[in-house]
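>>> have a look at this prediction, sequence included:
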Amino acid sequence: MKLCFLVEEQYRHDGMPVEVIRQLTSWGHQVDVLRPGGALLRMTEALQGAAHDAWVLKTVSGGPGLTLLEAAAAAGTTTINDARSIRGVRDKALAAAIGRGRGLPLPPTYAAAGPELLAQIPESEYPIVVKPADGSSGRAVHLVRSPDRLAALAPELAGEGLLIAQPYIPNSGVDIKVYGVGGELYATERRSPLHPDHAAPERRVPLSDEVAAVAAQAGVVYGLDLYGVDVVLGPDGPVVVDVNDFPSFRQVPDATARVARAVLALAARGARTAEPAEPVRPRMPEQRGAAEAAGTAVPPAGRAVPPAGDAGSPAGAAGASASQGPAAGSPRRAGQAAQVPVPAGKAG
């Protein structure tokens, strides 16, 4: 396959995606790398004669990479993730509206063009979490406990563009980060950026059915294939506090090979479809009985559903055993994949 990775300056030496690119190259695939943040781009000619099977984006929010990816999608090139889905999560105000409107457990969200407008939030809503709508990697995230504190932060927030504010969800001080790759989910636990003094080293943790259901639903709602979901366990259950496309996949076993195989499968699937299909809604355990009664095929409990389609490359053969889930009825262990069908491939 011939692939093009868009890599922002910040990620030029990062294991994700550098190691993935090396893995794909070692399997015999051609990978071109564009640095949208470090090159003068002639947008009217950037896509002429490219003829890649897919373009893959690993850039910062607000960077030029997404614009170039959208141009590739408009020209009919398969993009990973789907360019429209990436836009839907990189704008956190938009992501909140989409997710909450489609049943995801997200906090009520305010959006404001400047910090002075956030002063209109009722005091009864405090404490609140304020962050840039295009933020990433925990940048400029603030736990604001009172209107006076918000006023004091105004100069710092003034240059951040569109802001969002959400009521703070009481929690233990740790976030659960769930990674979705190749139809599998993996959970890690890490210290919340709102609680920097909390001692919680990042580590893999068991993935509960409740959190798995929320994370799987997030992938379907936003139409993402490679993604991460930040969840906090509040008094009323899991709450989604952030969603990102193409995250780091830290602590995911064999992350490089898993992501590389997923890229190949998605590129191959995109080449076989002219229009994006609707993602397959994951079946969680409570849905099994109804599906079986209706005669619908349901994979055995505890088994990860393999990606639809085969990339026809050494990747498929080399990694088949690694992507295979445990036998039916096996207990879910720390880092074990949840049962999640892969969403249908996206075309640009």
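On my side now, so go ahead. Worth saying up front: this structure is predicted, and the values here are computed from it rather than measured. Residues are numbered from 1 along each chain as shown.
>>> backbone dihedrals for residue 30, please?
Dihedral pair for residue 30: phi -90, psi 130, per degrees, to the nearest 10.
>>> residue 1 versus that one, what's the distance?
Going from residue 30 to residue 1 by C-beta to C-beta, to the nearest Å gives 7 Å. Every residue, glycine included, has its C-beta placed from N, CA and C.
>>> what does residue 225 give?
16 Å.
>>> quick one, which of those two is more surrounded?
For residue 225 versus residue 1, neighbours defined as other C-beta atoms under 10 Å are more numerous around residue 225 (27 against 20).
>>> shouldn't the more buried one be in contact with residue 86?
No - assessed by C-beta atoms under 8 Å, residue 225 is found out of contact with residue 86, at 10.7 Å.
>>> so where's the stretch 201-348 of the chain shaky on pLDDT?
Counting by pLDDT under 70, the ranges of the stretch 201-348 of the chain that qualify are 273-348.
>>> 50 instead?
For the stretch 201-348 of the chain, the stretches with pLDDT under 50 are 274, 276-277, 280-348.
>>> give me the residues contacting the strand or helix carrying residue 242.
When secondary structure is defined by DSSP states H and E, residue 242 falls within strand 237-245. Strand 237-245 is contacted by residues 57, 81, 85-86, 89-90, 92, 95, 99, 104-107, 129, 136, 166, 169, 175-176, 210-211, 214, 218, 222, 224, 226-233 when judged by C-beta atoms under 8 Å, 6 or more residues apart in numbering.
>>> likewise for stretch 85-95?
With C-beta under 8 Å, 6+ apart as the contact definition, stretch 85-95 has outside contacts at 57, 61-62, 66, 69-70, 79, 98, 109, 111, 131-135, 162, 164, 222-224, 227, 242-245, 346.
>>> ok, of those residues, which come out buried?
Taking 16 or more other C-beta atoms under 10 Å as the criterion, what is buried in these is 57, 61, 66, 69-70, 79, 98, 109, 111, 131-135, 164, 222-224, 227, 242-245, 346.
>>> so which of those residues sit within helices?
Using DSSP state H, the members of the buried ones among the contacts of stretch 85-95 that fall within helices are 66, 69, 70, 98, 222.
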